[in-house]
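build me a model:
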Amino acid sequence: MSPEQLKRFLVASRVVYAVVLLLLVALLVGSALAERYNLVYHWNELRVIDAVTMQRTGTDGSRTEAEAVLPLTVEDLGPGERLTLIASVRTETHDSLMVKTEGAPLRLYVDGALYGSDGDPGTFPGFQGAPPPNLLTVALPSESGGKEIRLEYTVPASLESLELPAFYLGDTQVLFMHLLSQNGPLFGLSLLLMLGGIVLAAVTLLILPRLPAAGPLPWLGLACLVAGLWGFCGNDLTVYLIPVPNLLYVGSVMGLLYFALPFLRYGMAMLDPRPRMPLAVLHNVMRIVFLFALLLHLVGLYPFRDSLVYLRFLPFVAVILFGLSVVYELVAHRNPQARRLWVPTGILTVCAVASIVDRFFPFMGPESMFFEIGILVFAVWTTYLGWGYLRETIDEAERSAQLAHEVETMNNSLDMQRNLYQKLNQSTEQVRALRHDLRHQLGAIRGYLQKDDVDGALGYVDSISGGIPEIADKLLCDNFAVNAVAVHYLDMAARNHIQADLRLVVPEDLGQVPDNDMSIIVGNLLENAIEACLYVDEDRRFIRMTSKVAKRRLAIVIDNSFDGTYTERGGEFYSRKRQGKGIGISSVRAVVERYGGALKYEVANGVFMTSLYVKM
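So this is what the prediction gives:
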């Protein structure tokens, strides 16, 4: 992926983020309005069954009975006890009953007949200890009238308390709209986090080989993915739409336990704290807790249902401790990365604290979204900062590549000057030897002529003329450095059967323009022209280059043949050898602008024309 493609991708990513956020806002507002105005989409209304008769039957056959109001938590339960909820209701045609099971096997009876069950042995892994939370929806008899609904829960060995939620009556459309109004915002937010995390991780992994600076972003993508997985798989609407409770339960728990690991990896990479050890120790502790909890669950010693009483606070603790690290880095070390991160980290930390408070003193209902909202804000904010940093990195990479090319061109120019200087030295020594032998050679010629041996004199002249060096072969302008570069590319053009006509006026003194910078201009122009000529037939290859000085400005014009193929965007020409802008062209433009000049490219009738000037 070229730097230009990366820049376009960054712009597109911001647009996608904006669209997704607008969709999320629309979802939240729509759900709030539906709840506020009690919108329903069918004639049948939702009915909540919360007044029941509860029977508690012990393993010894003893039974107690009492009136109860749901939801209710029953404590001090023993393995094998049965809790029976009995309600007399009036049902309508097409009614269904929906009840959430909370980790205990359930059997549903209507007028004494078994209509549904959940959590029977064999429907979940044995090491799990109890069935996963599920949403049981059963179609009731189609006849309208009074009916007795009986729910029988059997307490598994791993439970000492059981939550008994209210259950609902209505047709399937009404039940679905109830779930959507209660769980839709968290469902949509979690789904957004998952999709955003996948896209962020995938894209940054693709560009990572070219831009190592993007290394932290895949960890942020993974953190968003597992945070979304936690909320998505534990959502009643998801259980209703995707009835695979065992898989969803595992996904929710793994998202909860694993979140701290990629989040802290991303935080450490972005913050680069001094010292690094506290966050590294925290990360390793979280890793050990995750592996230990997973191992105890798999061997059946301490199932997730028991360990989650404490482990559910793990993500919040990780976020709060990271937030304290950001504050410490900002105050103690004036860390510039902490200055960038303190606002999004502060928002996420506040959301984590609010989530903890909501666990003990519920004020957001059954589906608190504090933490998911905090993660989304943190991810969008820090991703925006990360893309900005990547853009800076891309620009810096382009400048480095351009500088490296200029250095290479300057080194080549020095080599060309050195070779030309050596040739001149060799020619000078040969001229000195010829001047020393000139008297003897003239005497020999005189002897031939005195004998009227014209052929002998001509033969002798031919023999000595081959040793005269061709000093005049390579003098194209007065500036030695530019002349060396021009001579080099003139020879290269000749070897490639290119008709080259170079008429250069480049003074020895270029004023404010150093010889090396002028060599970069001339060298890159000639190199690009020669490369363009190689794509056309030999009989059509030509280069014409002229320069002149007027009013302290040096103007250069070069025309060359080419095959008509080129790529131009926004006035910039792109290389055929590599992806992105041509480095040589960029170097020429940079030098020209450095000295108050201007550069223009034109294309017409198979000819590529370049004209420029610089102020001397």
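
in the helix or strand where Ile320 lies, what's buried?
Element membership for Ile320, per DSSP states H and E: helix 314-332. Neighbour counts using 16 or more other CB atoms under 10 Å place 314-316, 318-323, 325-326, 329-330 of helix 314-332 among the buried residues. Backbone N, C-alpha and C define where each C-beta goes, glycine included.

and what of stretch 170-187?
By neighbour count with 16+ other CB under 10 Å, stretch 170-187 contains the buried residues 170-172, 174-187.

do the same with stretch 593-609
Neighbour-count burial for stretch 593-609, with 16+ other CB under 10 Å as criterion, is recorded at Tyr595, Gly597, Leu599, Tyr601, Phe608.

please export the C-alpha coordinates of it as PDB.
The C-alpha trace of stretch 593-609 is given here as PDB (Å, rounded to 0.1, in the frame of the first residue of the first chain):
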ATOM      1  CA  GLU A 593      10.800  25.500  -4.400                       C
ATOM      2  CA  ARG A 594      13.700  25.800  -1.900                       C
ATOM      3  CA  TYR A 595      15.200  28.500  -4.100                       C
ATOM      4  CA  GLY A 596      12.100  30.400  -5.000                       C
ATOM      5  CA  GLY A 597      11.500  28.800  -8.400                       C
ATOM      6  CA  ALA A 598       8.700  27.100 -10.200                       C
ATOM      7  CA  LEU A 599       8.200  23.800 -12.000                       C
ATOM      8  CA  LYS A 600       5.800  22.800 -14.800                       C
ATOM      9  CA  TYR A 601       5.100  19.600 -16.600                       C
ATOM     10  CA  GLU A 602       3.300  19.300 -20.000                       C
ATOM     11  CA  VAL A 603       2.400  16.400 -22.200                       C
ATOM     12  CA  ALA A 604       1.600  16.700 -26.000                       C
ATOM     13  CA  ASN A 605       1.900  14.400 -29.000                       C
ATOM     14  CA  GLY A 606       4.100  11.800 -27.400                       C
ATOM     15  CA  VAL A 607       6.500  14.400 -25.900                       C
ATOM     16  CA  PHE A 608       7.000  15.000 -22.200                       C
ATOM     17  CA  MET A 609       8.000  18.600 -21.500                       C
END
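
ok, residues contacting that stretch?
Here stretch 593-609 makes contact (CB atoms under 8 Å, 6 or more residues apart in numbering) with 512-513, 517, 529, 532, 536, 540, 553, 557-564, 566, 573, 588-589, 592, 610-615.

just the residues you listed: which are in strands?
Judged by DSSP state E, these include 553, 557-561, 573, 610-615 as members of strands.

about what we covered before: which other helices and strands does the helix holding Ile320 contact?
Counting contacts by 3 or more CB pairs under 8 Å, 6 or more residues apart in numbering; DSSP states H and E, helix 314-332 is packed against helix 245-258, helix 260-271, helix 277-298, helix 336-360, helix 370-450.

just the buried members of the ones in strands among the contacts of stretch 593-609?
Val557, Ile558, Asp559, Asn560, Ser561, Phe573, Thr610, Leu612, Tyr613, Val614.

how far away is the second one from Ser611?
When CB to CB, to the nearest Å is the yardstick, Ile558 and Ser611 sit 8 Å from each other.

report the central residue of the chain.
Centroid-nearest residue in the chain, with CA atoms, centre = their mean: Thr204, separated by 3.1 Å.

quick one: whatever helix or strand that residue lives in to helix 245-258, angle?
Assigned by DSSP H and E, Thr204 belongs to helix 172-207. Going by axes from the mean of the first three to the mean of the last three CA atoms, to 10 degrees, helix 172-207 is angled at 50 degrees with respect to helix 245-258.

for helix 172-207, give the mean pLDDT please.
For helix 172-207, mean pLDDT rounds to 88.

who does that helix touch, helix- and strand-wise?
Helix 172-207 makes packing contacts with helix 3-36, strand 96-101, strand 167-170, helix 217-233, helix 236-241, helix 370-450 when contacts are defined by 3+ CB pairs under 8 Å, 6+ apart.

how far does it sit from the chain's center?
20 Å (CA atoms, centre = their mean, to the nearest Å).

low-confidence regions, the stretch 301-450 of the chain specifically.
363-367, 386-445, 448 (pLDDT under 70).

wait, doesn't Ala139 sit right on Ser96?
Yes - using CB atoms under 8 Å, Ala139 is in contact with Ser96, at 5.0 Å.

quick one, which of those two is more surrounded?
In this view Ala139 and Ser96 are compared by other CB atoms under 10 Å, and Ser96 has more residues nearby, 18 against 13.

check the gap between that one and Thr172 for me.
The gap separating Ser96 from Thr172 is 6 Å, by CB to CB.

contacts for stretch 352-368, please.
Taking CB under 8 Å, 6+ apart as the rule, stretch 352-368 contacts 182-183, 185-186, 235, 312-313, 315-316, 319-320, 323, 370-371, 374.

and the residues you listed, which two are the farthest apart?
The distance between the two most remote of these (CB to CB) is 30.5 Å, for Gln182 and Gly323.

gap between Ala157 and Leu77?
In terms of CB to CB, Ala157 sits 10 Å off from Leu77.

who's more crowded, the two?
Leu77 (19 against 10).

one step back: pLDDT value on the closest residue to the residue nearest to the centre of the chain other than its chain neighbours, please?
Among residues not flanking Thr204 along the chain, Leu217 sits closest, at 4.0 Å (CB to CB, 6 or more residues apart in numbering). According to the prediction, Leu217 has pLDDT 84.

any idea how far Asn335 is from Leu217?
19 Å.

again with Arg305
Counting by CB to CB - Arg305 and Asn335 are separated by 41 Å.

quick one on the thing from earlier: out of Leu217 and Asn335, which sits in the busier spot?
Ranked by neighbour count (other CB under 10 Å), Leu217 and Asn335 place Leu217 first, with 27 against 20.

now the end-to-end length of stretch 45-60.
For stretch 45-60, the separation between the terminal residues is 42 Å (CA to CA, to the nearest Å).

so for that stretch, mean pLDDT?
On average, stretch 45-60 scores 91.

outside of it, which residues touch it?
Residues outside stretch 45-60 that contact it (CB under 8 Å, 6+ apart): 40, 63-72, 74, 78-87, 89, 149, 164, 166-170, 174-175, 177-178.

quick check: ChimeraX command selecting the buried ones in those.
One line in ChimeraX is enough to select the buried members of those, burial here meaning 16+ other CB under 10 Å:
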select :40,68,70,72,74,81,82,83,84,85,87,89,149,164,166,167,168,169,170,174,175,177,178
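
which ones among the contacts of stretch 45-60 map onto helices?
Among the contacts of stretch 45-60, the members found in helices (DSSP state H) are Val174, Leu175, Met177, His178.

with adjacent residues omitted, what lies nearest to the last one?
It stands for His178. Once flanking residues are discounted, His178 sits nearest to Leu46: 5.2 Å by CB to CB, 6+ apart.

farthest-separated two in the ones in strands among the contacts of stretch 593-609?
Most distant of the ones in strands among the contacts of stretch 593-609, by CB to CB, are Ser561 and Lys615, 30.7 Å apart.

still on that earlier bit, give the contact list for the residue nearest to the centre of the chain.
Ala214, Leu217, Pro218, Gly221.

can we see that at 6 Å?
Ala214, Leu217, Pro218 (CB atoms under 6 Å, 6 or more residues apart in numbering).

ditto for Leu348
By CB under 6 Å, 6+ apart, the contact list for Leu348 reads Val319, Gly374, Phe378.

tell me the SS of Pro275?
Here Pro275 takes the coil state, with states given by DSSP: H, G, I helix; E, B strand; the rest coil.

pLDDT score for it?
We have a pLDDT of 86 for Pro275.

same thing with the one 3 residues further on?
The confidence metric pLDDT takes the value 90 at Pro278.

what is the neighbour count of it?
Pro278: 13 surrounding residues under other CB under 10 Å.
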